[in-house]
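Participant: make a model of this:
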Amino acid sequence: MLLLIAAKIEGKAAPCSELLASKHALPLDVYSLPSMHALVRESARFGGILALCWCAEHHPPYPHLTKIYDRDLYWAVTAQLFIVAFLTIKRVPKNASEILGREQTEEWKGWMQFSFLM
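Facilitator: Predicted coordinates for the structure are as follows:
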C-alpha cells in the first residue's frame, strides 16, 4: 500500500497497475477528494450501524423478560414436529449425484434453529 502511494507521488507506474484496474481494488488515495469522500461516507455508515446496535442493546423497545422453560411442552412440540417430518418424507431419485440436496440441508438448518431456540 505504501509502495503504491510512494510510486504515485514520484510519478512512477505502480508495480501491479493491472490488478488495480477494478474500482473495488483501488487503494485509498489521500490526495484525491473522491477517495476521501468515499472513506468518510463508509466510516459514517459503519458508525451509524454501531450506533443503532448500541441503542438496540441499551434502550430496547420492550423490556427484557425471564426465559420460561417447560420440559414437557418442549418434548410435546418436538414429537409433533418429528411426526410431521416423518409423514412428509420424499424419496430421492436413484440417479441423484448429490448425497444431501440443498432442500434437505436447509430443512436441517431449520430444525437446528428450532431446537436451539426452544
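
Participant: the helices in this structure, which residues?
Facilitator: Here the chain has its helices, by DSSP state H, at 2-10, 33-58, 71-87, 102-117.

Participant: save these as JSON lines, and put in mean pLDDT and mean neighbour count too.
Facilitator: For every residue, glycine as well, the C-beta is placed using N, CA and C. Putting the helices of the chain into JSON lines (pLDDT from 0 to 100; neighbours: other Cβ atoms under 10 Å) gives the following:
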{"stretch": "helix 2-10", "mean pLDDT": "48", "mean neighbour count": "12"}
{"stretch": "helix 33-58", "mean pLDDT": "92", "mean neighbour count": "10"}
{"stretch": "helix 71-87", "mean pLDDT": "90", "mean neighbour count": "10"}
{"stretch": "helix 102-117", "mean pLDDT": "79", "mean neighbour count": "10"}
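
Participant: so for residue 27, which of those sits nearest?
Facilitator: Closest to residue 27 of the helices of the chain, according to Cβ to Cβ: helix 2-10, at 5.4 Å.

Participant: how is this protein carved up into domains?
Facilitator: According to automatic domain parsing, the chain comprises the domains 2-58, 71-117.

Participant: so which of the helices of the chain gets nearest residue 94?
Facilitator: helix 102-117 (16.2 Å).

Participant: put the alpha carbons of that closest one into CSV.
Facilitator: Extracted in CSV, the C-alpha atoms of helix 102-117 (Å, rounded to 0.1, in the frame of the first residue of the first chain):
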residue,chain,number,x,y,z
ARG,A,102,-29.9,-28.1,-0.9
GLU,A,103,-33.5,-28.5,0.3
GLN,A,104,-32.5,-31.2,2.9
THR,A,105,-29.7,-29.1,4.3
GLU,A,106,-32.0,-26.1,4.6
GLU,A,107,-34.6,-28.2,6.4
TRP,A,108,-32.0,-29.5,8.8
LYS,A,109,-30.8,-25.9,9.4
GLY,A,110,-34.4,-25.0,10.4
TRP,A,111,-34.6,-28.0,12.8
MET,A,112,-31.4,-26.9,14.5
GLN,A,113,-32.6,-23.4,14.9
PHE,A,114,-35.9,-24.7,16.4
SER,A,115,-34.0,-26.9,18.9
PHE,A,116,-31.7,-24.0,19.9
LEU,A,117,-34.5,-21.5,20.4
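
Participant: thank you, goodbye.
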